[in-house]
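J.: missing the sequence, but the structure's below:
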């Protein structure tokens, strides 16, 4: 990835899509054939007109594809996405939705629009002589992201009616999770206290604005970090438990077992087997 923070990948081999730096965001528009992959313990099957957005492609695994699979694939750096500073609360809802399901099924009209957006970006990303290249690419990407917001919002109209106060609380709550507060705190009361509201009200705000209680998102961010760390075979389980402020290895193991259905050591073994 060059200094502009945007890169287009070879789309003919699905396994090549895994990797990149932590925080990189992968966009994939399937144009032919089919592909499947596992993301956060759920298996997804995609076909033409499916748009995939993975906030961290390194969490995806077990790729398989048909012989005629093809796609437009774009990787964005976290810093580049943040620099766009798109002024819309809907991005929070959209991103939380992607943590539950990274695949959007597009209508023919929306597919053609997204294909046009991504084709234009791919054509112009190599214009290194453009005196305002980063700004130009940023503007084209902003337009594309706003198209994605529009597509997602039209499919989830009920989520666009949240009051501004509720959206502000959600933004602050999610901001704490993105800042890594879950590594030290997984108690709902902690976040409610920081926001000067009751735990019940915080859960209701989350449930109303994005369809899930606050504890779901605390666990979701925690488990995303745990699965990432378990994939690093050089890290001992006790070290992961300590890094995430679990009081003991046995408590850490119970936490993982309850949410993944397997122990941390079994999950790690399964990762190795998938890579063989």
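T.: Sure, I can see it. Predicted model only: the values in this text are computed from it and were never measured.

J.: domains of the chain?
T.: For the chain, automatic domain parsing gives the domain ranges 6-159, 164-275.

J.: mean pLDDT lowest where, among those domains?
T.: Note on the domains of the chain: lowest mean pLDDT is at domain 6-159, with a mean of 83.

J.: who's residue 103 bridged to?
T.: Judged by DSSP bridges, the bridge partners of residue 103 are residue 52.

J.: need the contact list for it.
T.: 44, 46, 50, 51, 52 (Cβ atoms under 8 Å, 6 or more residues apart in numbering). Bear in mind the C-beta positions are built from the backbone N, C-alpha and C, glycine included.

J.: at 7 Å what do you get?
T.: For residue 103, the contact set (Cβ atoms under 7 Å, 6 or more residues apart in numbering) comprises 44, 46, 50, 52.

J.: without its sequence neighbours, what residue ends up closest to residue 31?
T.: With Cβ to Cβ, 6 or more residues apart in numbering as the criterion, residue 31 has its nearest non-adjacent residue at 5.2 Å, and that residue is residue 70.

J.: right, and that neighbour touches residue 28 too?
T.: No: between residue 70 and residue 28 no contact is recorded; they are 10.6 Å apart, counting by Cβ atoms under 7 Å.

J.: neighbour-wise, which of those two wins?
T.: Between residue 70 and residue 28, residue 28 has the larger neighbour count (other Cβ atoms under 10 Å), namely 26 against 16.

J.: can you list phi and psi of that one for me?
T.: Per-residue torsions, residue 28: phi -140, psi 130 (degrees, to the nearest 10).

J.: where do the helices sit along the chain?
T.: 78-84, 90-100, 108-124, 133-155, 164-178, 188-195, 199-210, 214-230, 237-243, 249-260, 264-275 (DSSP state H).

J.: now render the ones you listed as CSV, adding mean neighbour count and distance to residue 39.
T.: Formatted as CSV, the helices of the chain follow (neighbours: other Cβ atoms under 10 Å; distance: least, Cβ to Cβ, whole Å):
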stretch, mean neighbour count, distance to residue 39
helix 78-84, 15, 18
helix 90-100, 18, 10
helix 108-124, 15, 20
helix 133-155, 16, 18
helix 164-178, 16, 19
helix 188-195, 17, 26
helix 199-210, 19, 19
helix 214-230, 19, 10
helix 237-243, 16, 21
helix 249-260, 16, 14
helix 264-275, 14, 13
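
J.: much appreciated, bye for now.
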